Every structure is written in structure tokens, then in C-alpha cells.
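> Sequence first, then the predicted structure:
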Amino acid sequence: MPSFECQVCHTSFQVPQKSLDRYAGWTPKHCNAHRSSKRSSTKRKFGQREENLTLAAVLETYSKGPATGVFTDGSAVPNPGRGGWGVVWVEGGEVRAQRHGHEEYTTNNRMELTALIEAYKLLPDDAAEVIRTDSRLCVDTITKWAPNWERKGWKKKGGEIKNLELVQELLALYRAHPGCELEWIAAHAGNRWNEYADSLSTAWSRDEL
């Protein structure tokens with residue numbers, strides 16, 4: 001893998017070639033340790049509320065909100081930067097299944113889209129569930145804009161369609177699950193299972209799930 005020098009501690013670190021290929025022109029400037037420090041300062045600067053609670057702490061802290069359905073979340077801080085995604089499928093307040101993952105260099109939108117893709121993959125084609133995401137962009141992309149882009153040969157006014165391969169995959173899965181609703185839910189509003197999905201999406205940054 002290509003090597004780079006951290007601008008803070010001047011140690012050498014490596015980045016997978018596929019990450020460099022995905023973001024043409026990007027030159028990594030921080031090792032993992034100092035990328036984490038940058039991530040924390042970015043959160044403080046923009047006033048983001050990111051508690052990074054463990055799953056157990058989420059269940060102890062939050063109780064309101066829908067208790068059935070599939071909940072997803074994804075993030076990258078800084079954006080772009082290191083990020084993750086999480087999905088939890090619950091029924092009557094009990095976890096049926098959950099998944100999470102991360103990438104070394106990604107964006108908020110890629111992780112939100114990936115979380116939704118993984119959510120649909122959890123479900124059989126005849127499922128009748130509400131799938132919730134706190135990304136209005138993802139909901140509007142799949143329910144409003146992507147079908148129109150598809151009719152136009154996957155083109156849109158104003159430039160390229162970002163994350164096209166993920167949008168296409170998600171649209172196909174959305175159509176393959178006609179009994180499922182895709183719904184927006186407010187982020188960090190105290191909804192237990194949205195917070196749980198958020199915790200899964202940041203699990204890569206903790207020692208304890």
C-alpha cells in the first residue's frame with residue numbers, strides 16, 4: 001500500500017490503493033491517531049452531538065420512538081474521513097438482527113447509502129417493514145430523483161450523480177421490496193433505535209460494542 005507522512009507526528013502510515021483511487025487527487029495528511037483528533041475537534045467546531053455510546057448505554061439512556069422496523073445510520077467525521085455504518089432490525093423492542101462496518105476513507109453519504117443497502121439485504125423480498133434513516137437526502141434520492149435519472153440514462157442536470165453505483169444498487173433493492181416503506185426519522189432526537197443504529201455506525205472507534 002502507498003505510504004504517507006503524518007503532518008502532525010511525522011510518522012509513516014499507509015492507505016489502501018482502492019481508497020486513493022476512489023478519491024482522485026486526495027493526499028492523506030494524518031495518521032489514524034491524529035485523524036481521530038481532527039475528527040473530535042471538527043465535532044466541537046460544528047456543534048455536532050455525537051455521544052458515541054456503547055449499545056448497552058444506548059438502551060439504558062433512551063426509550064422513546066418506534067419499537068418495530070429497521071433503523072440505519074452512517075457517518076464520516078471529518079467528511080470525507082474515516083466512517084462507518086450500522087443497521088438494526090427490531091420487532092416489539094427486541095433485536096432480530098444487526099450489522100455494522102466501516103471504511104478507512106469515505107463520506108457521510110456513502111455510509112448512509114451503504115447502511116440502507118445492508119438494511120434491505122437483511123430482509124426477504126416479501127417483507128413488510130418500515131426502514132428508517134435520518135438522511136433526508138437518501139430518502140429523496142431513492143423515492144424522487146433516482147427514477148428520473150434512470151429514465152434519462154443516469155444523467156442529471158448540473159453534473160455527475162455522486163455515488164452512482166450505490167444509488168443504483170439501493171434503488172434495485174428498494175424495488176425488490178415493494179412491501180417496505182422508506183421513511184425519514186430525526187437524528188439525535190432521543191429515538192432509541194435510531195440512536196442504536198448510530199452507535200453501531202461508530203462501533204469501529206470504540207473498544208466495546
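It's in. Numbers count the residues shown, from 1 in each chain.

> how about the lengthiest strand in the chain: buried residues?
When the chain is parsed with DSSP state E, its longest strand is strand 94-106. Of all the residues in strand 94-106, those buried under the rule 16 or more other Cβ atoms under 10 Å are 98-106. (C-beta placed from N, C-alpha, C; glycine too.)

> Repeat that for stretch 141-158.
In stretch 141-158, counting by 16+ other Cβ under 10 Å, buried: 141-142, 146, 149.

> got a list of contacts for that stretch?
116, 161, 164, 167-168, 170-171, 174, 182 (Cβ atoms under 8 Å, 6 or more residues apart in numbering).

> For that stretch, give the mean pLDDT please.
Here stretch 141-158 scores 94 as its mean pLDDT.

> With stretch 76-87 instead?
94.

> distance between it and the chain's centre?
Counting by Cα atoms, centre = their mean, to the nearest Å, stretch 76-87 is centred 6 Å from the centre of its parent chain.

> same deal with stretch 63-80?
Using Cα atoms, centre = their mean, the offset of stretch 63-80 from its chain centre is 8 Å.

> Just the CA atoms of that stretch, as CSV, please.
C-alpha atoms of stretch 63-80 as CSV (Å, rounded to 0.1, in the frame of the first residue of the first chain):
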residue,chain,number,x,y,z
SER,A,63,-36.6,4.5,25.5
LYS,A,64,-38.9,6.5,23.2
GLY,A,65,-39.6,6.2,19.5
PRO,A,66,-40.8,3.4,17.2
ALA,A,67,-40.1,-0.1,18.6
THR,A,68,-40.5,-2.0,15.3
GLY,A,69,-38.8,-1.7,12.0
VAL,A,70,-35.3,-1.4,10.5
PHE,A,71,-33.1,1.6,11.6
THR,A,72,-30.0,2.7,9.8
ASP,A,73,-27.3,5.2,10.2
GLY,A,74,-23.9,6.2,8.7
SER,A,75,-21.3,8.9,9.2
ALA,A,76,-17.8,10.1,8.4
VAL,A,77,-16.1,12.7,10.5
PRO,A,78,-14.3,14.7,9.2
ASN,A,79,-16.3,14.4,6.0
PRO,A,80,-14.7,12.9,4.0
